[in-house]
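>>> give me the fold of what follows.
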Amino acid sequence: MTGPGGPVRSYVLTGGRSEAPLRLGVETLLEATGAVDTLPLTASRHHRRLWHMCRERLSLAEAAVHLGLPISVTTILACDLLASGHLTRRSPGPKPPDTDTLLEVLHGLRSRLSV
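You can find the predicted model right below:
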């Protein structure tokens, strides 16, 4: 991460915090709430960029890449916006079973039906 005066330390962006108050998976979907420009004037430019990006639903991992920040820093920024009600989070839903598991179930069902 670099700023106008050189490298910007992560603790500057997070106000000295190193851990997020919530556990968010990298697949967590973030979506902005509220009307345009509802963030307080005190919101950092990183908070503003994250909030504007999340006008379209975006995963935490995608947001980190777009911001060019580590996932840990992006998580803390997202938690700030979640706490203030400017973001909502959504679970991407259950992961579908892999093909091998489905084939095992199919073979198991076929063997029970043929008995």
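
>>> what residues of the longest helix along the chain count as buried?
Counting residues, the longest helix found in the chain (DSSP state H) is helix 99-113. Within helix 99-113, no residue qualifies as buried by neighbour count (16 or more other C-beta atoms under 10 Å). Any C-beta I mention is one placed from the backbone N, CA and C, and that applies to glycine too.

>>> export that helix to CSV, keeping only CA atoms.
Presented in CSV, the C-alpha positions along helix 99-113 are these (Å, rounded to 0.1, in the frame of the first residue of the first chain):
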residue,chain,number,x,y,z
THR,A,99,-19.3,-34.6,-8.2
ASP,A,100,-17.7,-37.5,-6.3
THR,A,101,-20.1,-37.2,-3.4
LEU,A,102,-23.1,-37.0,-5.8
LEU,A,103,-21.9,-40.2,-7.6
GLU,A,104,-21.5,-42.0,-4.3
VAL,A,105,-25.0,-41.1,-3.4
LEU,A,106,-26.3,-42.2,-6.8
HIS,A,107,-24.5,-45.6,-6.6
GLY,A,108,-25.8,-46.1,-3.1
LEU,A,109,-29.4,-45.4,-4.1
ARG,A,110,-29.1,-47.7,-7.1
SER,A,111,-27.7,-50.5,-5.0
ARG,A,112,-30.6,-50.2,-2.5
LEU,A,113,-33.2,-50.2,-5.3
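
>>> any idea how far it is from the chain center?
36 Å (C-alpha atoms, centre = their mean, to the nearest Å).

>>> so for it, mean pLDDT?
Averaging pLDDT along helix 99-113 gives 87.

>>> any idea how far the most centrally placed residue in the chain lies from residue 22?
Per C-alpha atoms, centre = their mean, the C-alpha nearest to the average position across the chain is that of residue 60, at 2.0 Å. To residue 22, residue 60 is 11 Å away according to C-beta to C-beta, to the nearest Å.
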